[in-house]
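Undergrad: quick one: sequence and predicted model below, then my questions.
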Amino acid sequence: MKEVIEQFEPGAHQFIPFDLIVGSGNAQEVREYFTLIIGQFADLANLALSDVQWRKIKIGPDRTIDSWSKKTGVPMTFEREKLGEFHLWHTRKHKAMTCMSEELYRAIKEVCPMTGLQFEKQTLV
C-alpha cells in the first residue's frame, strides 16, 4: 500500500517505519510496518449539498470553533473540479474524516485486501 500511495502522491505523506514482534518463544518473528501520516489537509466537500450538522466545539475557556458532523453511511458531496489531483487527505474542519480518491482506492485494492478498514462511498458532482 505504501508504494501505491507514494506513486500517486510522491512526497506528500510520511511513512514512519517500525518493527512489530509477533508470536512467542521460538516462533517469534519481526515484521516491518509503517505508520502513515497523511500530509494533506483540505476542505473539498460541498457542505451545502451534503447532509451535515454544524456545531461549536469548545477548545478553551473562552474560545470555540465551528465544525461539522456527518452521519455514518450518509455520503458527502464533492465537486470534481475542486478535487484536482488530490488522492488522500484529511478535511480541515473535521479531522477525523480521511478521504481517498476512487483511483487510489482501486489501485490499493489491487495489491492488498485492506481488511479492517471501513470505507464509505461519497457523491461526486
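TA: Now that the structure is in, tell me what you want to look at.

Undergrad: which secondary structure elements does the one helix or strand in the chain whose mean pLDDT sits lowest sit against?
TA: Using mean pLDDT, DSSP states H and E, the weakest-scoring helix or strand in the chain turns out to be strand 63-70, at a mean of 79. The contact analysis (3 or more C-beta pairs under 8 Å, 6 or more residues apart in numbering; DSSP states H and E) places strand 63-70 against strand 52-60. Bear in mind the C-beta positions are built from the backbone N, C-alpha and C, glycine included.

Undergrad: between strand 63-70 and the strand it packs on, find me the angle.
TA: Computed with axes from the mean of the first three to the mean of the last three C-alpha atoms, to 10 degrees, the direction of strand 52-60 lies at 150 degrees from that of strand 63-70.

Undergrad: give the buried residues for strand 52-60.
TA: Buried residues in strand 52-60, counted by 16 or more other C-beta atoms under 10 Å: Val52.

Undergrad: can you list the strands that it pairs with?
TA: Partner strands and pairing direction for strand 52-60 (DSSP bridges) are strand 63-70 (antiparallel).

Undergrad: how about the partner strand: buried residues?
TA: Buried residues in strand 63-70, counting neighbours by 16+ other C-beta under 10 Å, are found at 67-68, 70.

Undergrad: now for the closest residue in space to Ile59 that isn't next to it in sequence: which residues touch it?
TA: Leaving aside its sequence neighbours, Ile59 sits nearest to Ile65 (C-beta to C-beta, 6 or more residues apart in numbering; 5.7 Å). Residues near Ile65 by C-beta atoms under 8 Å, 6 or more residues apart in numbering: 56-57, 59.

Undergrad: ok, now Val30?
TA: Neighbours of Val30 in contact, by C-beta under 8 Å, 6+ apart: 19-22.

Undergrad: including distance to Glu9, could the buried residues of strand 63-70 go into a markdown table?
TA: Output for those, formatted as a markdown table (distance: C-beta to C-beta, whole Å):
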| residue | distance to Glu9 |
| --- | --- |
| Ser67 | 26 |
| Trp68 | 25 |
| Lys70 | 24 |
